[in-house]
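dropping the sequence and predicted coords here.
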Amino acid sequence: MQENGVVTSVVIDAPRNRVWRVLVAFDQYKQWHPTIELVAGEPVPGARIQMRIAAGTPAERTAEGTVLEASEDRLLKWEGGVRGLLWGEHRFDLVEQDGRTHLTNSESFTGSMVEQVMASGRETLVAEFEAANQALKAYVEN
């Protein structure tokens, strides 16, 4: 049986509160995130968000979700997709150690399409998450 998600991490040479400010500035994702543009919404539990994913590519699509948790400087979590088919819970976990931030960027999926999506697209998803991690690191550190 295949795993139903993606887990990646990065160490950012900046304090956790600086990383947090970038993560919750939804209107700024377009400036640093290589695959997601948050076009509407606020980082408040219960808030609806709208995303444009892979803009300008053949895979461009929109998605809606709901912010589940926004625990300052520690956890940002949202969910979205199509229940029963492909539903995702995305999370950014932040842990500060010695003035640096250990960020875990992950998503878990449920639904009837999970096995198919993970079998054919896991490598792409991991690459996208890793690219986002590196882009966030560069943006925050500069």
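Now that the structure is in, tell me what you want to look at. Note that this is a predicted model, so its numbers are computed, not measured.

which stretches in this protein count as strands?
In the chain, strands defined by DSSP state E lie at 5-12, 36-40, 48-53, 61-71, 75-82, 86-97, 100-110, listed in chain order.

could I get those strands as JSON lines with mean neighbour count and mean pLDDT?
For every residue, glycine as well, the C-beta is placed using N, CA and C. Converted to JSON lines, the strands of the chain look like this (neighbours: other C-beta atoms under 10 Å; pLDDT from 0 to 100):
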{"stretch": "strand 5-12", "mean neighbour count": "17", "mean pLDDT": "97"}
{"stretch": "strand 36-40", "mean neighbour count": "17", "mean pLDDT": "91"}
{"stretch": "strand 48-53", "mean neighbour count": "17", "mean pLDDT": "94"}
{"stretch": "strand 61-71", "mean neighbour count": "15", "mean pLDDT": "95"}
{"stretch": "strand 75-82", "mean neighbour count": "18", "mean pLDDT": "96"}
{"stretch": "strand 86-97", "mean neighbour count": "17", "mean pLDDT": "97"}
{"stretch": "strand 100-110", "mean neighbour count": "18", "mean pLDDT": "97"}
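
so what's the nearest residue to residue 5 once chain neighbours are set aside bridging to?
Closest residue to residue 5 apart from its sequence neighbours, by C-beta to C-beta, 6 or more residues apart in numbering: residue 108 at 3.7 Å. Beta-bridge partners recorded for residue 108 (DSSP bridges): residue 5, residue 89.

can you tell me which residues contact residue 108?
Neighbouring residues of residue 108 by C-beta atoms under 8 Å, 6 or more residues apart in numbering: 4, 5, 88, 89.

look up how far residue 128 lies from the third one.
Right, residue 88. 13 Å (C-beta to C-beta, to the nearest Å).
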